[in-house]
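*Asks:* sequence and predicted structure, then a few things I'm wondering about:
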Amino acid sequence: MQDKIRKHIADIETFTCQSAEELEKFRIHYLGKKGILAELFSAFKNVSPESRKETGQLLNELKDAANGCITRMKESLGKPGQGSEDAIDLTLPVDDSIGSRHPLSITRNRITEIFSRIGFSVEEGPEIESDRYNFGALNFPVNHPARDMQDTFFIEKDPDILLRTHTSSVQIRYMEKHPPPIRSIFPGRVFRNEAISARAHCIFHQVEGLAVDKDVSFADLKQTLLYFAREMFGPQTQIRLRPSFFPFTEPSAELDISCNICGGKGCNICKHTGWVEILGCGMVHPIVLENCGIDSQKNTGYAFGMGIERIAMLKYLVRDIRLYFENDIRFLKQFGSAF
Ligand code: DAH
């Protein structure tokens, strides 16, 4: 009988289990009414007086071992990540949330959908660019500050390989390969060496637009942008164009829309002006057309470029650009969308 008890003690010492159910089976097996201990205690009556003391001690050891094992196992099952049924309640109803699109994807899809509807194709270009596509062919002077290390992430110097700072680079790639008529938009990710703040990030997204053909005019640009603004921000939206400067367009302008928050009355989003800027645009500079092998005597074009983060911030009233990149589920789950 003593050997039997020692064997049980040894078994208990090596016992492990993965679930509360298994542990309960163990408890019943050793400590239950008809369990091993009950059986052994009843057999104890017949033990000879000489070995009674030693057997009794062994029996108590076995009981302590079984109880000790149960306490230990309960503790380890209680710790999360160890297969505990106490920590994860499998009987709870399933979380039926199905996820949602990222607000930047929703906004990009909406922008491309609006322009696709009026005949623009959607094209993409590389994020790693040479100086020519990002600056040179776009008529940036050699000493332009945008070419500075402060603004641009360089991968290699001489010849310069860099992360594109805008999607205007795709204009050049597209015009080199496709003769007019051109009517395309180029969405994509861009990179700038900027300090990260509520208003700026070193990675963001843009959509570039380009139309080149015979007799494309500034009026075409204006009407296209008015259509876009009203589709994006609602039919009551007004636009205004302010003169600006970009090396690759002449004339250049910036487009404001009437503040979609206060309807133009003035609020802190529009800094009480009633207008918010959404994009840069202009007529493609003849030098840029020629750089891409397009005859600027026969063709004219317009271009525009907008930040997707900015459009989404105005659309959804997001006050901090960093929210787009932090993947905080409390932020993301507010944008349920089938689009
Ligand atoms: N590339 C400009 C930027 O990143 C935006 C831009 C302005 C694009 C005017 C254009 C344009 O195509 O015509 O700030």
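*Replies:* Good, I have the coordinates.

*Asks:* all contacts plus neighbour counts: C-alpha atoms, from now on.
*Replies:* OK.

*Asks:* can you give me the strands in the stretch 201-339 of the chain?
*Replies:* 203-213, 239-246, 249-258, 275-284, 300-307 (DSSP state E, counting those that start in this stretch).

*Asks:* redo those as JSON lines? Include mean neighbour count, mean pLDDT and distance to L90.
*Replies:* Output for the strands of the stretch 201-339 of the chain, formatted as JSON lines (neighbours: other C-alpha atoms under 10 Å; pLDDT from 0 to 100; distance: least, C-alpha to C-alpha, whole Å):
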{"stretch": "strand 203-213", "mean neighbour count": "22", "mean pLDDT": "98", "distance to L90": "41"}
{"stretch": "strand 239-246", "mean neighbour count": "15", "mean pLDDT": "97", "distance to L90": "56"}
{"stretch": "strand 249-258", "mean neighbour count": "21", "mean pLDDT": "98", "distance to L90": "52"}
{"stretch": "strand 275-284", "mean neighbour count": "24", "mean pLDDT": "97", "distance to L90": "49"}
{"stretch": "strand 300-307", "mean neighbour count": "24", "mean pLDDT": "98", "distance to L90": "45"}
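
*Asks:* got JSON lines for those strands, with distance to the ligand too?
*Replies:* Formatted as JSON lines, the strands of the stretch 201-339 of the chain follow (distance: least, C-alpha to the nearest ligand atom, whole Å):
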{"stretch": "strand 203-213", "distance to the ligand": "6"}
{"stretch": "strand 239-246", "distance to the ligand": "6"}
{"stretch": "strand 249-258", "distance to the ligand": "6"}
{"stretch": "strand 275-284", "distance to the ligand": "3"}
{"stretch": "strand 300-307", "distance to the ligand": "4"}
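
*Asks:* would you mind giving those as TSV with distance to A10 added?
*Replies:* Shown next, in TSV, are the strands of the stretch 201-339 of the chain (distance: least, C-alpha to C-alpha, whole Å):
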stretch	distance to A10
strand 203-213	62
strand 239-246	83
strand 249-258	80
strand 275-284	76
strand 300-307	70
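
*Asks:* nearest to L332, of these?
*Replies:* Among the strands of the stretch 201-339 of the chain, the nearest to L332 by C-alpha to C-alpha is strand 203-213 (17.1 Å).

*Asks:* orientation of the closest one relative to strand 275-284 in degrees?
*Replies:* 50 degrees (axes from the mean of the first three to the mean of the last three C-alpha atoms, to 10 degrees).

*Asks:* sheet partners, orientation included, of strand 203-213?
*Replies:* Strand 203-213 pairs in its sheet with strand 182-191 (antiparallel), strand 300-307 (antiparallel), by DSSP bridges.

*Asks:* tell me the contacts of the closest residue to K214 other than its chain neighbours?
*Replies:* Of all residues not flanking K214 in the chain, N299 sits nearest, at 4.6 Å (C-alpha to C-alpha, 6 or more residues apart in numbering). Listed by C-alpha atoms under 8 Å, 6 or more residues apart in numbering, the contact partners of N299 are 180, 212-216.

*Asks:* again, but for D215
*Replies:* Contacts for D215 were tallied using C-alpha under 8 Å, 6+ apart; they are 299-300.

*Asks:* and it, how far from the ligand?
*Replies:* 17 Å (C-alpha to the nearest ligand atom, to the nearest Å).

*Asks:* ok, K33 next?
*Replies:* Where the ligand is concerned, K33 sits at a distance of 80 Å (C-alpha to the nearest ligand atom).

*Asks:* return the residues of the stretch 101-250 of the chain in contact with the ligand.
*Replies:* Within the stretch 101-250 of the chain, the positions near the ligand by C-alpha under 6 Å from any ligand atom are 166, 168, 208, 246, 249.

*Asks:* I'd assumed M306 was in contact with the third one.
*Replies:* This points to E208. Yes - counting by C-alpha atoms under 8 Å, E208 does reach M306; the two are 6.5 Å apart.

*Asks:* between the two ends of stretch 293-302, how far is it?
*Replies:* End-to-end distance for stretch 293-302: 17 Å, by C-alpha to C-alpha, to the nearest Å.

*Asks:* those helices in the chain, which residues are they?
*Replies:* Taking DSSP state H as the criterion, the chain carries its helices at 2-13, 20-31, 36-44, 49-78, 103-117, 131-134, 168-177, 218-233, 286-291, 308-316, 323-326, 329-332.

*Asks:* dump those helices to a markdown table, plus mean pLDDT and mean neighbour count.
*Replies:* Formatted as a markdown table, the helices of the chain follow (pLDDT from 0 to 100; neighbours: other C-alpha atoms under 10 Å):
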| stretch | mean pLDDT | mean neighbour count |
| --- | --- | --- |
| helix 2-13 | 90 | 14 |
| helix 20-31 | 89 | 15 |
| helix 36-44 | 88 | 15 |
| helix 49-78 | 86 | 15 |
| helix 103-117 | 97 | 17 |
| helix 131-134 | 97 | 21 |
| helix 168-177 | 98 | 21 |
| helix 218-233 | 98 | 16 |
| helix 286-291 | 98 | 19 |
| helix 308-316 | 96 | 20 |
| helix 323-326 | 95 | 13 |
| helix 329-332 | 91 | 12 |
